[in-house]
Every structure is written in structure tokens, then in C-alpha cells.
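# sharing a model that was predicted from the sequence below.
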Amino acid sequence: MKRDPFVPMPETPTTETAEDHGLVLSKVEISRGPRRLLAIDGRVAPGQTLTVMGPSGSGKSTLFAFIAGFLDPAFEASGAVLLDGRELTRLPPEQRHVGLLFQEALLFPHMSVGENLLFALPARLKGRKARHAAVEAMLAEVGLADHFHRDPATLSGGQAARVALARTLVAEPRALLLDEPFSRLDQELRATVRDLVFTRIRQREIPAVLVTHDPADAEAAGGEVIDIGEGGSRDTQ
């Protein structure tokens, strides 16, 4: 039987176990004024993807903002976000090690493909040769070897999506938030890029949360699917 990657949090945590690894949303509730948008309590295991579905205004993007650390003050949130046992809730975004992949590739147009990735590399990796080698290796991993000096404006939609993924992964995120990253691709490209993204998530054992309107995305993700369209609540069993 396939293991459910999104499971209820224990009432009283004890000693550290494998269950402490991954992304934990502990009794998270988000409201705007008197309206509660969503309530989620559970865990996404390493290498698994939780898919969140719901209509516009249901709180999907707001959940991402809370996890990543840039929630608009107009919203009220309670609960905690933990990543591999470390609470993120009060940390600034740059200390959370959470990567984001959006609908648009959002590549810097004044930088080459390789420079876009160099910009995302962790500062701890020193030396020009070492940093360039890390970028070349990542480009090769997503099927874009020899694209280091390409102008982003010359890339196809699929290539730009691969560069965006490479830039996200090269930053060594410990969790990923996927905000409908396949929605602007045609059907053939969508299937290819989707497979690439979820394969890398599993291989690197990164817990991920996907927001999408496409059931095919959810099926490809292969994990738990929750619908926050009705009442915005979810406590998985």
C-alpha cells in the first residue's frame, strides 16, 4: 500500500524520529477578517508532493506566502511551519530554505542562463571554477548542457521552464512550493516538464506542495490531494 505523505501531527511530540523529517504544517489556520480561508494540520514527507486544489480566493497562494515567510499583514495566521524539525514561522524568508517555482520562469533578462543559476547558488560555495562547475552540472541534469551562455530571450517555453527548475534546485532548497508551474505550457511540454520536476523531487527527497487547477498535475505528483474549496479545512486521517 502506498504510504500517505500527508498525515496528522501527533498531539505530543516525543523523541526525534523519521517522522520529524519533511515539511510539517502544524494546526495552520489563515483568516482575513472574520473569514477563515483554510485550516491544515499535517506533514509532507521527504520526496513527496502534497497537491492543494481550490478555486481562486480559497487561500492557496496565501498558504504559500505563510510557508515562505511573506504573508501580507492583511491576513491573520496561527499554527507553525516546521522543516526537518526546525520551526520556520518566525524566520525571515531568506533563512527558511524554501524554493518557489511559479507559472512564469521569471529569469533575469540581463543575465545569461548560467548567470541566472550563479545568482542562486549558496554563498558557501566558493571559487569561480567550483561555482561554474556546479551550474554546468545542474544544467546537464535538466537536459540543458552547453546552455550556460544562452540569452534567456532565445529559449523556448520548455527550455525556460527547465532553467527555472535548475535555478530553484541549485539553491539547495529543503522544501519546494510549486505555484501552477506547468499551466502556461502546452500539453506535450507540460507532461515532459512535469515528469522532470516530480522526478527531481523524489530523487532529492524534497518535500513539496503543489497548487494547481489541473487534476493531471495532481495525478502526476502522486501524493495526497486536498481540496480547500469548501470551507478551507483539512485534517487528514
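That came through fine. Numbering: from 1, shown residues only.
# now that F64 has come up, it's in contact with L177, right?
Yes: using CB atoms under 8 Å, F64 is in contact with L177, at 4.9 Å. All C-beta atoms are positioned from the backbone trio N, CA, C, and that covers glycine.
# what is in contact with these two at once?
The contact sets of F64 and L177 overlap at L100, V209, V211 (CB atoms under 8 Å, 6 or more residues apart in numbering).
# now do the strands in this structure.
Counting by DSSP state E, the chain has strands at residues 6-7, 23-32, 35-44, 49-53, 76-83, 86-87, 98-101, 175-179, 208-211, 225-227, 233-235.
# single out the most deeply packed of these.
Stretch with highest mean neighbour count among those: strand 208-211 (a mean of 27; mean count of other CB atoms under 10 Å).
# adjacent strands (with direction) for that one?
Strand 208-211 sits in its sheet next to strand 49-53 (parallel), strand 175-179 (parallel), going by DSSP bridges.
# the strands of the chain: which one's closest to L118?
Of all the strands of the chain, it is strand 98-101 that lies closest to L118, at 16.2 Å by CB to CB.
# for that closest one, packing partners?
If you count contacts as 3 or more CB pairs under 8 Å, 6 or more residues apart in numbering; DSSP states H and E, strand 98-101 packs onto helix 60-68, helix 157-170, strand 175-179.
# got the angle for the second one vs strand 175-179?
Between the axes of helix 157-170 and strand 175-179, defined by axes from the mean of the first three to the mean of the last three CA atoms, to 10 degrees, the angle is 150 degrees.
# what does helix 157-170 contact?
99-102, 105-107, 113, 116-117, 119-121, 134-135, 138-139, 141-144, 147, 152, 155, 176, 181-182, 184-186, 189, 192-193, 196-197, 200, 204.
# next: stretch 131-144.
In contact with stretch 131-144 (CB under 8 Å, 6+ apart) are residues 113-114, 117-118, 121, 125, 145-148, 159, 162-163, 165-166, 169-170, 196, 200.
# where in this protein is pLDDT low?
Within the chain, the segments meeting pLDDT under 70 span 1-19, 229-237.
# quick check: longest helix in it by residues?
Scanning the chain for the helix with the most residues, using DSSP state H, yields helix 187-204.
# identify the residues contacting D179.
Contact partners of D179, counting by CB under 8 Å, 6+ apart, are S61, F64, L100, L101, F102, Q103, V211.
# rerun that using 10 Å as the cut-off
Neighbouring residues of D179 by CB atoms under 10 Å, 6 or more residues apart in numbering: K60, S61, F64, L100, L101, F102, Q103, E104, V209, L210, V211, T212.
# what's near enough to touch the nearest residue to R43 once chain neighbours are set aside?
In space, and not counting its chain neighbours, R43 is closest to V24: 4.7 Å by CB to CB, 6 or more residues apart in numbering. Counting by CB under 10 Å, 6+ apart, V24 makes contact with 7, 9, 13, 41-44, 79-88, 207.
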